[in-house]
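Undergrad: Below are the sequence and a predicted model for it; my questions follow.
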Amino acid sequence: MEANKQLCCFSIEQIAALAKLRLTEAEGEMLYRDFSEMLAFADTVMANTSSTTDMPSGADGAVRDDTVQSPLPQEVLLRNAPAVHEGYLQLPPVLGEEGAL
Amino acid sequence: MTKSLTALTVAELSAGLRQRSFSALAVTEAYLSRIQKQDNDLGAFLTITADAAEKTAKEIDRRLSLGETLSPLAGIPVAYKDNLCTAGVRTTCASRILEHFIPPYNATAVERLQGCGTVMLGKCNMDEFAMGSTNETSAFGSVHNPWELTRSPGGSSGGSAAAVASGEAAFALGSDTGGSVRNPAACCGIVGMKPTYGAISRYGLVAFASSLDQVGTLTRTVRDGAMVLDALMGWDARDATSSSAAHASCLEAIGEGDADLRGVRIGVPYRVIESKATAVIADAVLDTAEVMRRCGAHLEPISLSDFDTALAAYQIISSAEASSNLARYDGVRYGYRSAESKTMQALYCNSRSEGLGEEVKRRILLGTFVLSAGHYDAYYRRALALRRALCGEWEQQLSLFDAILLPTTADLPPLLGAKRSPTERFADDRFTVQANLTGLPALSLCCAVSREGLPIGCQLVGRRFGEAALCRIAAALESALAMPHVPGEEVLS
């Protein structure tokens, strides 16, 4: 089945890594089954469709004036932050062995 | 028999408030009392803003007593789907990842209704991030259908629809990405309207699939929907996809709402209706077509391309856009953050994996896959090509007809907990995704009640920015059908 072959180019774990998700073994198995079914359905019904097109646009070109507007105050924006230190977002290290992406 | 305050339509409430037959506070208290009495059984609300509602109602009463001229919607209780941002009021999208999120601003749709003096009762349950059609993917429990509590109210705006049908809100707002306003409207026997893409600002509507999402209305009558639409439609500088085109008044178009459809041309895809809907739904919709004919409409059979193809295109496009839009939930700036994260990579993965539900993860993964190198052309671009072809086909049909009649759902409201595959669940949107892919306006209204006592919805799809004409046709049909307006009351009382 075409869908399975294409899915095999990427393992479900690789797709999950691209999406910044971690799956349990059971979730991985279930999602693989679901994926195969969904992609097989898409392969079947879209078999005779070419891929040459432009994206339809819903906008009619009306845009606002290009003027500077006041942003929300920093303290307001930080109210929903999970961790804050002296007015900044607090995060684990980004650089170094522990924090390397 | 005198109707209770919670059984009155928006139009009736509006007239009564202006005639001082009752106060806005009395109306608000009647609704809050009903929520308190029955919402444990229904699960329609996630947040109830009782104190703020009473305060607003008192202010409307004060202004009315001074003789101020207010909007027809002033003093009318409204509920919002919990993916519309409300300043200072929790907005969860029915997800653990946003369980404690309090927006610092209002969605434009909320802001416009607040400007009209409506009274916010609270925020409604929904499928997590609007991904689902039965309301079972909510992280905070399913909503129950007020017509039969063992059944789903539809989704994803299931809480909004159940609240309106059961007399817990005079009207509600939802969002419609693939049918999420019309499907629950049909399942709960009320009116659901998805306007043209761009007719109502999406600013402050938490994004699922930005090229498909649209704010929609859930009301007990077409006239009520028209009143709300008139207040909501219009250009917004904060949404680049909102339209600056002038809108005709939906309420004025309805007029008296007589059951007169003379001169109206309706396209009916008989073959699709008979082959893709169950017999009970197909019979009800075809009977509705005959009602329209008796009201003077000219009906003509039309042919539309395979509905499964549109469903596949929707599945791919909506998932692709969801994977991009939901990348923002990473535990950094707001929302849930996993406690056990020593690195940034772990922070992202743990927060998303622990905070997002199964259906949301499934769609993010599918979207990530179809956008990945090697699969983009095979799936995403092919889906866009299908969408483009669909737009041309529907525009061409609607150059010949004033509206196209369809079922809203393929079957009766499903039992809660029924086991179904992802493809079967997507198929709930079989008759509704076309309006989202094409951006056309579509309205669902109750056209029959099944032998089991469950509501059945029919759908009218209209011309681009033809909301007023669509409301006129729907109001005439509603008048001819004469269905009950508050169907859930008998079940719940």
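TA: Cool, the structure landed.

Undergrad: What residues of stretch B:13-26 count as buried?
TA: Neighbour counts over stretch B:13-26 (16 or more other CB atoms under 10 Å in any protein chain shown) mark B:13, B:14, B:16, B:17, B:23, B:24, B:25, B:26 as buried. Every residue, glycine included, has its C-beta placed from N, CA and C.

Undergrad: Identify the farthest-apart pair in those.
TA: B:14 and B:25 (15.6 Å; CB to CB).

Undergrad: mind listing the strands for the chain?
TA: I went with chain A, as the question did not name one. Secondary structure of chain A by DSSP state E: the strands cover A:84-85, A:88-89.

Undergrad: try again with chain B
TA: Secondary structure of chain B (DSSP E): strands located at B:45-48, B:77-81, B:119-124, B:171-175, B:191-194, B:215-219, B:265-268, B:298-301, B:403-407, B:442-449, B:455-462.

Undergrad: Can you give me every residue that contacts the residue in the stretch 51-200 of chain B that chain A sits nearest to?
TA: Closest approach between the stretch 51-200 of chain B and chain A, counting by CB to the nearest CB: residue B:197, at 4.3 Å. Taking CB atoms under 8 Å, 6 or more residues apart in numbering or on different chains, we find residue B:197 in contact with A:58, B:211, B:212, B:214, B:241, B:436, B:439.

Undergrad: how much space between the fifth one and chain A?
TA: Just to be clear, that refers to residue B:241. Distance of residue B:241 to chain A, computed by CB to the nearest CB, to the nearest Å: 5 Å.

Undergrad: right, and that residue touches residue B:199 too?
TA: No: judged on CB atoms under 8 Å, residue B:241 makes no contact with residue B:199 at a distance of 10.3 Å.

Undergrad: Looking at the two, which is more packed in?
TA: Using other CB atoms under 10 Å in any protein chain shown, the more surrounded residue of residue B:241 and residue B:199 is residue B:199, with 25 against 20.

Undergrad: dump the residue contacts of the nearest residue to that one once chain neighbours are set aside.
TA: Nearest-residue entry for residue B:199: residue B:233, 4.9 Å, with adjacent residues in sequence omitted and distances by CB to CB, 6 or more residues apart in numbering or on different chains. Counting by CB under 8 Å, 6+ apart, residue B:233 makes contact with B:195, B:199, B:200, B:247, B:467.

Undergrad: What about residue A:69, how many residues nearby?
TA: 8.

Undergrad: low pLDDT regions in chain A?
TA: Within chain A, the set of residues satisfying pLDDT under 70 comprises A:1-9, A:50-62, A:96-101.

Undergrad: Spell out the residue ranges of the helices in it.
TA: A:2-9, A:12-18, A:25-45, A:74-77, A:96-99 (DSSP state H).

Undergrad: Next up, phi/psi of the closest residue to the residue of the stretch 51-200 of chain B closest to chain A other than its chain neighbours, please.
TA: Leaving out its chain neighbours, the residue that sits closest to residue B:197 by CB to CB, 6+ apart is residue B:439, at 3.5 Å. As for residue B:439, its main-chain torsions (degrees, to the nearest 10) stand at phi 80, psi 10.

Undergrad: same thing with residue B:237?
TA: Per degrees, to the nearest 10, the backbone of residue B:237 is at phi -60, psi -20.

Undergrad: contacting residues around it?
TA: With contact taken as CB under 8 Å, 6+ apart, residue B:237 is in contact with A:64, A:65.

Undergrad: same question, residue B:176
TA: Residues in contact with residue B:176 (CB under 8 Å, 6+ apart) are B:157, B:182, B:192, B:194, B:213, B:214, B:215, B:216, B:432, B:436.

Undergrad: from those residues, which are also near chain A?
TA: Contacts with chain A within those, as defined by CB under 8 Å from any CB of the partner chain: none are present.

Undergrad: how about TSV for these, with distance to residue B:463, pLDDT and neighbour count added?
TA: Output for the contacts of residue B:176, formatted as TSV (distance: CB to CB, whole Å; pLDDT from 0 to 100; neighbours: other CB atoms under 10 Å in any protein chain shown):
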residue	distance to residue B:463	pLDDT	neighbour count
B:157	24	98	37
B:182	17	98	35
B:192	19	98	36
B:194	14	98	33
B:213	21	98	25
B:214	16	98	27
B:215	20	98	28
B:216	17	98	33
B:432	17	98	32
B:436	16	98	28
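
Undergrad: would you list the contacts of residue B:197 in CSV and tack on distance to residue B:482?
TA: CSV is the format used below for the contacts of residue B:197 (distance: CB to CB, whole Å):
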residue, distance to residue B:482
A:58, 36
B:211, 38
B:212, 34
B:214, 29
B:241, 38
B:436, 30
B:439, 32
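
Undergrad: which one among those residues gets closest to residue B:359?
TA: Using CB to CB, those come closest to residue B:359 at residue B:212, 16.8 Å.

Undergrad: pLDDT wise, what is the nearest residue to residue A:72 once chain neighbours are set aside at?
TA: Leaving aside its chain neighbours, residue A:72 sits nearest to residue B:104 (5.5 Å; criterion: CB to CB, 6+ apart). pLDDT recorded at residue B:104 is 96.

Undergrad: Dihedrals phi and psi, residue B:104?
TA: Dihedral angles (degrees, to the nearest 10) for residue B:104: phi -90, psi 0.

Undergrad: tell me the contacts of it?
TA: Going by CB under 8 Å, 6+ apart, residue B:104 touches A:72, A:76, A:77, A:79, A:80, B:87, B:88.

Undergrad: Which residues are in contact with the last one?
TA: Taking CB under 8 Å, 6+ apart as the contact definition, residue B:88 lies against B:102, B:103, B:104.

Undergrad: tell me which parts of the stretch 51-200 of chain B are close to chain A?
TA: Within the stretch 51-200 of chain B, the positions adjacent to chain A are B:100, B:101, B:102, B:104, B:105, B:197, B:198 by CB under 8 Å from any CB.

Undergrad: Now list the buried members of the residues you listed.
TA: Buried members of those, scored by 16+ other CB under 10 Å, are B:101, B:102, B:105, B:197, B:198.

Undergrad: quick one: the second one and residue B:123 touch, right?
TA: Which is residue B:102. No: contact criterion CB under 8 Å: residue B:102 and residue B:123 do not qualify, at 11.3 Å.

Undergrad: Give the residues shared as contacts by the two.
TA: Residues touching both residue B:102 and residue B:123 by CB under 8 Å, 6+ apart: B:89, B:90, B:91.

Undergrad: Geometric centre of chain B: which residue is closest?
TA: By CA atoms, centre = their mean, chain B has its centre lying nearest to residue B:181, at 1.9 Å.

Undergrad: so what's it closest to, chain neighbours aside?
TA: Per CB to CB, 6+ apart, closest to residue B:181 is residue B:216, 3.4 Å.

Undergrad: Who are the contact partners of that neighbour?
TA: Per CB under 8 Å, 6+ apart, neighbours of residue B:216: B:157, B:173-176, B:180-182, B:192-195, B:200.

Undergrad: Could you do residue B:48 as well?
TA: Taking CB under 8 Å, 6+ apart, we find residue B:48 in contact with B:32, B:35, B:39, B:121, B:122.

Undergrad: Likewise for residue B:90?
TA: Contacts here follow CB under 8 Å, 6+ apart; on that basis residue B:90 touches B:46, B:47, B:82, B:100, B:101, B:102, B:123.

Undergrad: mind checking how far the last one is from residue A:32?
TA: Pointing back at residue B:123 there. 36 Å (CB to CB, to the nearest Å).

Undergrad: who's more crowded, those two?
TA: residue B:123 (25 against 18).
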